[in-house]
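Engineer: curious how this folds, go ahead:
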Amino acid sequence: MVKGDELAYRTFFGAYFDRLLRYLLVVTSGDEDAAREALQATFVRVVRHIKLFESEAGFWRWLTVLARSAFTDESRKRRRYLAFLDRFARHAEVQHGDIGEADERLRAVLQRSLADLPIEERQLVEGKYSEQRSVRALAESLQTTEKAVESRLVRIRRKLKDAALTRLKDESRV
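Structural biologist: Next up is the predicted model:
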């Protein structure tokens, strides 16, 4: 196995699979799924770190150390993942309750910011987004190029964003 011989690995696998699985079933208190996950991780570690041993007993001790550490690492990983899911679920619950109110507040702020725009800019934004007219149609009606309309829309959107953010900051201070 040290030299990368596949037949040697197959022989090792056949000789130690059941023995390591039984060992890990004891370590995991009978949790077969956890034992099998740790077993997979153990075999990966064996392939990565294989070395020569003077005796089968020394080799077995090394395998059990790899298996225990693989189980410990898998358990930690699972706990971190479950903790993450728990935090995510709690965060989602908090956010979910505020979505409707936040959407309405944002919509109102955008409406006020849109109303503050000069009439030409407001008509361009309404033509593009409310009436869903194409940039080409808007350019033709304004007798300009599509590129000029796109540039104006970029500037107007940036202006709307800045105005909306300012309003939201001002409202949060109250």
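Engineer: can you check which helix is longest in this protein?
Structural biologist: The longest helix of the chain (DSSP state H) is helix 56-115.
Engineer: what's the first helix or strand after that helix?
Structural biologist: Scanning forward in sequence from helix 56-115 by DSSP states H and E, the next helix or strand is helix 119-125.
Engineer: summarise which helices and strands the lowest-mean-pLDDT helix or strand in the chain is packed against.
Structural biologist: Of all helical and strand segments in the chain, the minimum by mean pLDDT, DSSP states H and E falls on helix 56-115, at a mean of 82. The helices and strands touching helix 56-115, judged by 3 or more C-beta pairs under 8 Å, 6 or more residues apart in numbering; DSSP states H and E, are helix 6-27, helix 32-49, helix 119-125, helix 146-173. Bear in mind the C-beta positions are built from the backbone N, C-alpha and C, glycine included.
Engineer: quick check: buried residues in the helix or strand that comes right after the third one?
Structural biologist: Same thing as helix 119-125. Next helix or strand after helix 119-125 toward the C-terminus (DSSP H and E): helix 135-142. The neighbour-count check on helix 135-142 (16 or more other C-beta atoms under 10 Å) flags 135, 138-139 as buried.
Engineer: out of those residues, who's nearest D31?
Structural biologist: Taking C-beta to C-beta as the measure, D31 sits nearest to V135 out of those, at 60.2 Å.
Engineer: OK, contacts around the nearest residue to R133 once chain neighbours are set aside?
Structural biologist: Computed as C-beta to C-beta, 6 or more residues apart in numbering, the closest residue to R133 that is not its neighbour in sequence is G127, at 4.8 Å. Neighbouring residues of G127 by C-beta atoms under 8 Å, 6 or more residues apart in numbering: 133, 138, 141.
Engineer: burial count for the residue nearest to V2 when sequence neighbours are not counted?
Structural biologist: Nearest residue to V2, sequence neighbours excluded (C-beta to C-beta, 6+ apart): I50, at 5.5 Å. Around I50 there are 17 other residues, counting by other C-beta atoms under 10 Å.
Engineer: I50 and F12, how far apart?
Structural biologist: Per C-beta to C-beta, to the nearest Å, I50 is found 9 Å from F12.
Engineer: thanks again, I'm all set now.
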